[in-house]
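J.: Generate a structure from the sequence data that follows.
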Amino acid sequence: MTPFAPHVYADRRRRAAAQAAAAGLDGVVVTPGPDLTYFLGYPASTAGERFTLLYVPAAPTGAEPDGVAQALAVVPRLEEHDLRQGAVGPVETLAWTDGEDEHAAAARLLHPGGRYAISDSAWALHVLGLQRTLPGTVWTPFTRALPLLRAVKSPEEVARLAAAGAGADAAFAEIVRRPFAGRRERDIATDLDALLREHGHEQVDFTLVCAGSNGADPHHEADDTVIREGDMVVLDFGGLADGYGSDTTRTVHVGEPTAVEREAHDVVRAAQRAGVEAVRPGATCQDVDRAARRVIEDAGYGEHFIHRTGHGIGLTTHEPPYMVEGETTPIAAGMCFSVEPGVYLPDRFGVRVEDIVVAFDEAEPEGARRLNVSPRELQIVG
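T.: Numbering: from 1, shown residues only. The predicted structure follows:
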């Protein structure tokens, strides 16, 4: 991932500090994963068991105590050099050594009885360790305490998401020119992986290829199923390009579809359009779900739409906010998320159409701009 300028990460910490103060928190504890990358530019692995954290103390707008503009991190001594070299901008470190109580080291920055937001991806081992070391402390998930912080993208972040989406669109344009009939799902998935990398992705997270009755399973993993003439095939693929995600789904058909298959696809495409058009000033996340779901229910397929309509995207391909009933978060300018309704008929076939959209930007100030522009009509492949 090409890093942003140092001031970008400092500004993000300032915004987190201000939002934490407004939420009545004492600070934010950031652990390895996308949050640490977001605030520090340091892509620390989430696989290691040793405890690393970045601490952002709460501070009203305009106040900048140590640890806000100046990053303050607790880190294993053997990884201190890597963090200092990998972070964008200066960082002050508090190092601990194997054999020491790592949670006690972190507790030097915090206080018992405090209220803190902590990264959603924090290990339970460390959350429990902090609870033991800091009795009476209240912990809340980062995305619940600061729901709009990472969800609202800057223009620079949207540009990276758009570039990732363009790479996914280019991969789709090439895959539909290749033969499907007689090949395994796994072969098409391998081709998609290579095409995504060819078009700018450094990481491929998924290449779902779901032929025939496998399409009725929204998360079917490509296997040795041979694709045959007459199959509907759901293609769902994406990953990271320059650190930001792509995620798109198109449904193709091997040869001419039946009337029922074409009808189901038309319904899903109309539902997807309705979901995108539901992004309007004053709309909430659940309004997107309701709009898409209403089209499918009115067509008689309601029981076969079995998942939420969308999810946020950014440094990861799935993140808050979620376009689902009960999610009353207002849609804000700069939010980027998927709109991906589907219909899944058990033992028969599935259909899904998915685009990433950005809300209320300069191109669509009163609605959503699609970051995927590949054809949504049912494509016929050979």
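J.: Helices of the stretch 101-250 of the chain, residue ranges please.
T.: 102-107, 124-133, 142-145, 155-175, 185-198 (DSSP state H, counting those that start in this stretch).
J.: For L54, which of these is the nearest?
T.: Relative to L54, the nearest member of these by Cβ to Cβ is helix 102-107, separated by 10.7 Å. (Glycine included, C-beta is placed from N, CA and C.)
J.: Okay, strands next: where are they in the stretch 1-150 of the chain?
T.: Secondary structure of the stretch 1-150 of the chain by DSSP state E, counting those that start in this stretch: the strands cover 27-30, 53-57, 71-76, 91-96, 115-118, 138-141.
J.: just checking, what packs against the fifth one?
T.: Pointing back at strand 115-118 there. For strand 115-118, the elements it packs on are strand 27-30, strand 138-141, helix 142-145, judged by 3 or more Cβ pairs under 8 Å, 6 or more residues apart in numbering; DSSP states H and E.
J.: in stretch 335-351, what's buried?
T.: By 16 or more other Cβ atoms under 10 Å, the buried positions in stretch 335-351 come out as 335-345, 349-351.
J.: just to revisit the earlier point, what would the helices of the stretch 101-250 of the chain look like in TSV with mean neighbour count, distance to F51 and mean pLDDT?
T.: Output for the helices of the stretch 101-250 of the chain, formatted as TSV (neighbours: other Cβ atoms under 10 Å; distance: least, Cβ to Cβ, whole Å; pLDDT from 0 to 100):
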stretch	mean neighbour count	distance to F51	mean pLDDT
helix 102-107	20	4	91
helix 124-133	15	5	95
helix 142-145	19	17	93
helix 155-175	20	28	98
helix 185-198	19	34	98
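J.: For the ones you listed, give me CSV that also has distance to G326.
T.: Below are the helices of the stretch 101-250 of the chain laid out as CSV (distance: least, Cβ to Cβ, whole Å):
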stretch, distance to G326
helix 102-107, 34
helix 124-133, 25
helix 142-145, 14
helix 155-175, 26
helix 185-198, 33
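J.: Among the buried residues of stretch 335-351, name the ones in strands.
T.: Judged by DSSP state E, the buried residues of stretch 335-351 include C336, F337, S338, V339, G342, V343, Y344, L345, F349, G350, V351 as members of strands.
J.: Which strand residues bridge the first one?
T.: So that's C336. Residues in a beta bridge with C336, per DSSP bridges, are V358.
J.: ok, A162 touching L371?
T.: Yes. Here A162 lies in contact with L371, judged by Cβ atoms under 8 Å, at a distance of 4.9 Å.
J.: Identify the contacts common to the two.
T.: Listed as contacting both A162 and L371 by Cβ atoms under 8 Å, 6 or more residues apart in numbering are V358.
J.: hmm, back to that, got TSV for the buried residues of stretch 335-351, with distance to F4 and pLDDT too?
T.: Shown next, in TSV, are those (distance: Cβ to Cβ, whole Å; pLDDT from 0 to 100):
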residue	distance to F4	pLDDT
M335	19	98
C336	16	98
F337	21	98
S338	24	98
V339	27	98
E340	28	98
P341	34	98
G342	35	98
V343	40	98
Y344	40	98
L345	45	98
F349	43	98
G350	39	98
V351	38	98
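J.: ok, these vs G212, which is closest?
T.: Minimum distance to G212 across the buried residues of stretch 335-351 is 6.2 Å, recorded for F349 (Cβ to Cβ).
J.: give the contact list for the closest one.
T.: G212, S213, G215, A216, D231, M232, E261, A264.
J.: Closest to A73 out of the buried residues of stretch 335-351?
T.: Closest to A73, out of all of the buried residues of stretch 335-351 and judged by Cβ to Cβ, is C336, at 27.9 Å.
J.: Distance check, the closest one against T251.
T.: Going from C336 to T251 by Cβ to Cβ, to the nearest Å gives 23 Å.
J.: now swap in H81 and tell me
T.: According to Cβ to Cβ, H81 and T251 sit 49 Å apart.
J.: Look at the two and report which has more neighbours.
T.: Neighbours around H81 and T251, counted as other Cβ atoms under 10 Å, are more numerous at T251. The numbers are 29 against 12.
J.: Now that one. Its backbone dihedrals?
T.: When read as degrees, to the nearest 10, the backbone of T251 gives phi -110, psi 130.
J.: so who does it touch?
T.: Residues near T251 by Cβ under 8 Å, 6+ apart: G215, M232, V233, V234, L235, H265, V268, G350, V351, R352, V353, L378.
J.: Which residues does it form beta bridges with?
T.: As for beta bridges, T251 partners with V234 under DSSP bridges.
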